[in-house]
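J.: the amino acid sequence is not available; the structure is as follows:
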């Protein structure tokens, strides 16, 4: 088990690090950036690389034996029980179009469990941080998921509708849509923040990598909610995610999985 003092040190380091990284991403957000495209056809910009390289450099300088898993530079494996998980610009397409709905994500795993996570949306001046057993904080104030406990009263969010339409649970998803009075396609970390702040109750994230949801997992759970894959497995490595305020998680799993 990680010691309280050690966790506090990680919190202090991570907060300072992400605050410093904001000057990099915001610098390029104010400009027109030309993307390149990865093998999976997703865009990447100079902001992604500059921010990620800065984060990796500082983590290696302060914790040289820790493993790192980052979106653009890949994995730096070690035999350490600690692994930092980085997404420098989550929502790159929004970033490219000068939409403010993007963020920098940083999480820390210890023995396979996420114990610390940050979701920073600098263009919106929003900063969310959570650590194991310490709660979740939005702009310095403790935040909790909503108390809504009925699907028929829930707000449903979703990302990547094209992925949902191609999925085996397409019909089940639209069944869930019909049961909820309100639905919107707020994807990526921007959507996750609505759950964390109690502004929505359910989110379907149909295509995820660990760096997309590692921060969200600890933040949602410390705020009182739940994050699993769509099959209900307690993991960030399932390739998709169901995020909820925890009150109807099992019900939603049953609906989605038929």
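T.: Great, that's in hand. These numbers were taken from a predicted model, which means no experiment stands behind them.
J.: now the strands for the stretch 51-200 of the chain?
T.: In the stretch 51-200 of the chain, the strands defined using DSSP state E, counting those that start in this stretch lie at 67-70, 74-76, 82-90, 103-110, 113-121, 126-131, 135-138, 141-142, 155-158, 182-184.
J.: of all these, which lies closest to residue 164?
T.: Checking these against residue 164 by CB to CB gives strand 155-158 as the closest, at 6.5 Å. (C-beta placed from N, C-alpha, C; glycine too.)
J.: what is the mean pLDDT for that closest one?
T.: Averaging pLDDT along strand 155-158 yields 98.
J.: sheet partners, orientation included, of it?
T.: strand 182-184 (parallel), strand 202-205 (parallel) (DSSP bridges).
J.: is it possible to get CSV of those strands that adds distance to residue 54, mean neighbour count and mean pLDDT?
T.: Output for these, formatted as CSV (distance: least, CB to CB, whole Å; neighbours: other CB atoms under 10 Å; pLDDT from 0 to 100):
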stretch, distance to residue 54, mean neighbour count, mean pLDDT
strand 182-184, 33, 15, 96
strand 202-205, 27, 27, 97
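J.: let me have the ones you listed in JSON lines, adding distance to residue 175 as columns.
T.: Converted to JSON lines, the strands paired with strand 155-158 look like this (distance: least, CB to CB, whole Å):
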{"stretch": "strand 182-184", "distance to residue 175": "12"}
{"stretch": "strand 202-205", "distance to residue 175": "12"}
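J.: still on that earlier bit, quick one: closest of the strands of the stretch 51-200 of the chain to residue 205.
T.: Closest among these, using CB to CB: strand 155-158, at 7.6 Å.
J.: picking up where we left off before, out of the strands paired with strand 155-158, which is closest to residue 55?
T.: Per CB to CB, nearest to residue 55 of these: strand 202-205, 22.7 Å.
J.: what's the first helix or strand after that closest one?
T.: Beyond strand 202-205 on the C-terminal side, the first helix or strand identified by DSSP states H and E is helix 210-222.
J.: what mean pLDDT does that following helix get?
T.: 98.
J.: likewise stretch 127-138?
T.: For stretch 127-138, mean pLDDT is 98.
J.: count of residues packed around residue 95?
T.: 24 (other CB atoms under 10 Å).
J.: could you shift the numbering so residue one becomes 104, and keep it that way?
T.: Taking 104 as the first residue, the last one we looked at is residue 198.
J.: for it, what are its contacts?
T.: Contacts for residue 198 (CB atoms under 8 Å, 6 or more residues apart in numbering) come out as 128, 132, 136, 148, 150, 192, 205.
J.: lowest-confidence entry in these?
T.: Least confident entry in the contacts of residue 198, by pLDDT: residue 136, with 87.
J.: name the nearest residue to it, ignoring sequence neighbours.
T.: Distance criterion CB to CB, 6 or more residues apart in numbering; nearest residue to residue 136, sequence neighbours excluded, is residue 148 at 4.4 Å.
J.: list the contacts of the one you found.
T.: With CB under 8 Å, 6+ apart, residue 148 has these contacts: 131, 136-139, 192, 195, 198-199.
J.: what about those, which are in helices?
T.: Of the positions in those, 131, 195, 198-199 sit in helices, assigned by DSSP state H.
J.: the residue nearest to residue 237 when sequence neighbours are not counted: how many residues sit nearby?
T.: Distance criterion CB to CB, 6+ apart; nearest residue to residue 237, sequence neighbours excluded, is residue 325 at 6.9 Å. Number of residues near residue 325 (other CB under 10 Å) recorded here: 25.
J.: what's near enough to touch residue 325?
T.: For residue 325, the contact set (CB under 8 Å, 6+ apart) comprises 233-239.
J.: run the last query once more with 10 Å
T.: Contact criterion CB atoms under 10 Å, 6 or more residues apart in numbering gives 219-220, 231-240, 245-248, 299 as the residues in contact with residue 325.
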